Structure formats: C-alpha cells, structure tokens
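Engineer: Here is the input, now give the coordinates:
(one chain, ligands or ions: 1)
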Amino acid sequence: MNTQPTYLMTDAAAFDVAYTINPWMKPDVWSADPAAHRRAALDGSTALRFALEDCGAVVHTVPAVEGQPDLVFPANAGIVLNGKALVARFRHAERRGEEPHFMAAFENLKAQGLLTEVAFIEGCFQEGAGDCIWDASRSLFWVGSGPRSTPESAQIIAGHFGQQVVHLPLATEQFYHLDTCFCPLSGGEILYYPPALTEEALRRLHDLVPAHLLIEATAEDAAGFCVNAVCLGRTIVMAKPPLALRDRLTERGYNVMGVDLSPFILSGGGAFCMTLRLDLKSVVARAAIRADSELVAG
Ligand code: ARG
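Structural biologist: Numbers count the residues shown, from 1 in each chain. Prediction:
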C-alpha cells in the first residue's frame with residue numbers, strides 16, 4: 001500500500017485574475033502586466049509543488065483549462081476522505097465551469113486506483129475543502145458556511161461521510177472560505193483568525209479545543225494568506241510569513257516553509273487552496289486498513 005501523502009494541484013498555465021468574486025481579487029493589478037504575473041504564478045506553483053515533494057509527498061496535476069483561471073485552486077473542487085470524493089457545487093457562475101473538469105480529474109484518479117468513489121454534492125452550495133477541513137487529530141470535519149457554502153452543507157457532509165462535523169459559520173465577506181482563516185496543525189493546534197468567525201463558531205471552537213492549542217493569527221498573518229497553509233508532519237508550507245508568525249510556530253516545534261505565492265493572493269488564495277489532499281483517512285478507516293494488511297501479511 002502506498003503510504004506517501006498525496007496531493008492534487010492544477011497546472012497554473014491558464015491562471016489569471018479576470019473577475020472579482022471575493023474582496024481580495026485585483027484584476028486591474030493583474031492586467032497591468034499579465035505576462036510577468038503569469039510567469040510569477042508558474043514559479044510560485046512550481047515552488048509549492050517542490051515544497052510538498054521535499055516533505056515526501058506525491059503530487060498529481062490537473063491540466064490547465066483556458067478560460068477557467070480559478071481551476072488552480074483544487075481545494076475548492078471537492079472533499080476527499082477514505083477514498084471518497086464529494087465534488088463541489090460552486091456559488092458563483094464564474095467558477096461553475098470548473099465542475100466538469102474537476103469531475104473528470106476525480107474520475108481519472110479513480111481509474112488510477114487513488115479514489116474509490118466520486119459523486120457530486122446535491123442540495124446545497126459547497127466549495128470543497130475550502131469550506132470543509134479534516135482535522136486528523138480529532139477525526140472530524142470543521143465545516144464553514146456563509147459567503148460560499150450554504151449551512152445545509154454541514155448535515156449533507158456528515159451524512160455522506162458518516163463523520164462528525166462541527167459547523168463554523170463565517171462572519172465576513174473577506175474570509176469567505178474557512179481555509180482562509182482556520183488551519184488545524186498536526187500536533188492538534190489550530191491556527192486561526194478569530195474576527196473571521198461568528199460568536200457561535202468561536203463558542204464551538206473553544207468548547208472543543210483547549211486554549212493552549214489555539215494559536216491566534218494576526219490581521220497581517222491572515223491578509224498574507226499564511227493561515228491558508230498546508231501542514232504535513234512537523235512542516236507547515238505557507239505563503240511568505242511575517243517573521244513573528246514564523247517564530248511563534250518554530251517555538252512550537254514546526255518547520256515553516258515560506259513560498260512566494262503573491263500572484264495567487266491577487267486572487268484571494270494561498271498554499272492550502274492550491275492543493276487538495278487525496279489520501280486522508282479517518283481513524284476507523286485506518287484501523288480497517290491495518291487489519292486488512294495484517295490479514296494479507298498472514
Ligand atoms: N478566486 C478564487 C475564488 O474566489 C480563490 C479561491 C481560493 N480558495 C480558497 N479556498 N481560499 O473562488
């Protein structure tokens with residue numbers, strides 16, 4: 001059995017910032033020098049892939065599609081757990097054209113044996129892992145709703161995957177996906193930006209996570225898309241962090257890898273949403289796999 005962490009990314013060759021569906025998007029800045037921004041985007045995407053590979057991950061790539069610039073954010077394409085992919089329904093017409101391309105990419109991963117089941121989510125808007133983040137330490141999904149995913153998505157996800165879901169309504173348009181303001185780390189800590197969550201969400205978070213495991217990001221950390229990070233073992237890969245954030249995470253025993261993702265920040269995205277983890281397993285599924293391989297091992 002392949003036990004390497006596995007991610008999906010998208011070729012950034014067709015990335016640009018052509019419309020505005022979140023407050024960070026700056027088409028005018030992009031169009032001032034599209035060629036330079038495109039080059040920087042390709043470099044940033046390659047650097048991110050290399051960072052994941054340096055951590056021992058395997059990265060599969062979705063081909064670029066002209067006219068679908070936000071296809072570079074596969075975290076929004078679906079939720080994947082225990083080999084099951086639940087494919088997103090986008091809120092905005094600008095991104096709905098991505099759905100069939102991601103569906104085809106997931107079917108292709110299934111044909112390669114990397115997924116066992118692929119289905120579209122029905123009855124709500126839901127923007128994939130952007131609003132549904134697996135917490136391996138607690139074996140549950142943190143589910144965001146508000147600007148993009150609808151609140152009903154929480155129950156639908158819980159039913160589909162048979163997992164515990166904690167619903168965290170989002171408070172602002174600026175932090176429009178949960179992954180812009182919330183990041184569970186491998187040691188059980190949660191890096192998060194409190195003003196992005198409603199009172200109700202903060203209450204649920206504080207009920208479940210003791211204070212010493214809560215790491216509050218600053219406004220600067222959040223605006224730099226550093227909360228939108230990929231945590232792999234003791235390494236955290238993120239858009240270039242402010243020094244103070246790097247120090248705080250290093251003190252807790254993490255190795256922080258900063259990548260220049262500035263072209264993607266012009267679209268409102270960072271490291272986490274440029275990736276989608278494909279091999280996450282819940283505790284029960286992991287135990288079943290172990291039992292299975294013990295049987296095979298005889
Ligand atoms: N321009 C994209 C959008 O607004 C950026 C998505 C970034 N994804 C994320 N999960 N934060 O949909």
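
Engineer: Just name whatever secondary elements the longest helix along the chain is in contact with.
Structural biologist: Scanning the chain for the helix with the most residues, using DSSP state H, yields helix 34-54. If you count contacts as 3 or more CB pairs under 8 Å, 6 or more residues apart in numbering; DSSP states H and E, helix 34-54 packs onto strand 6-10, strand 58-62, strand 235-239, strand 255-259, helix 262-265. Bear in mind the C-beta positions are built from the backbone N, C-alpha and C, glycine included.

Engineer: Ok, which of those comes nearest residue 158?
Structural biologist: Taking CB to CB, strand 6-10 is the member of the helices and strands packed on helix 34-54 nearest to residue 158, at 23.4 Å.

Engineer: before we move on, back to that, and the longest helix of the chain, what's buried?
Structural biologist: Neighbour counts using 16 or more other CB atoms under 10 Å place 37-38, 40-41, 44-45, 47-49, 51-52 of helix 34-54 among the buried residues.

Engineer: what's around the residue of the stretch 101-250 of the chain found nearest the ligand, how many residues?
Structural biologist: For the stretch 101-250 of the chain, the residue closest to the ligand is residue 130, as judged by CB to the nearest ligand atom, at 3.0 Å. Neighbours of residue 130 under the rule other CB atoms under 10 Å: 27.

Engineer: Who are the contact partners of it?
Structural biologist: Applying CB atoms under 8 Å, 6 or more residues apart in numbering, we find residue 130 in contact with 73, 75-76, 144, 148-149, 177-179, 273.

Engineer: again, 10 Å this time
Structural biologist: Counting by CB atoms under 10 Å, 6 or more residues apart in numbering, residue 130 makes contact with 73-77, 79, 88, 144, 148-149, 176-180, 228, 269, 272-273, 276.

Engineer: Just the ones of those residues in strands?
Structural biologist: The strands, defined by DSSP state E, take in 79, 144, 276 from these.
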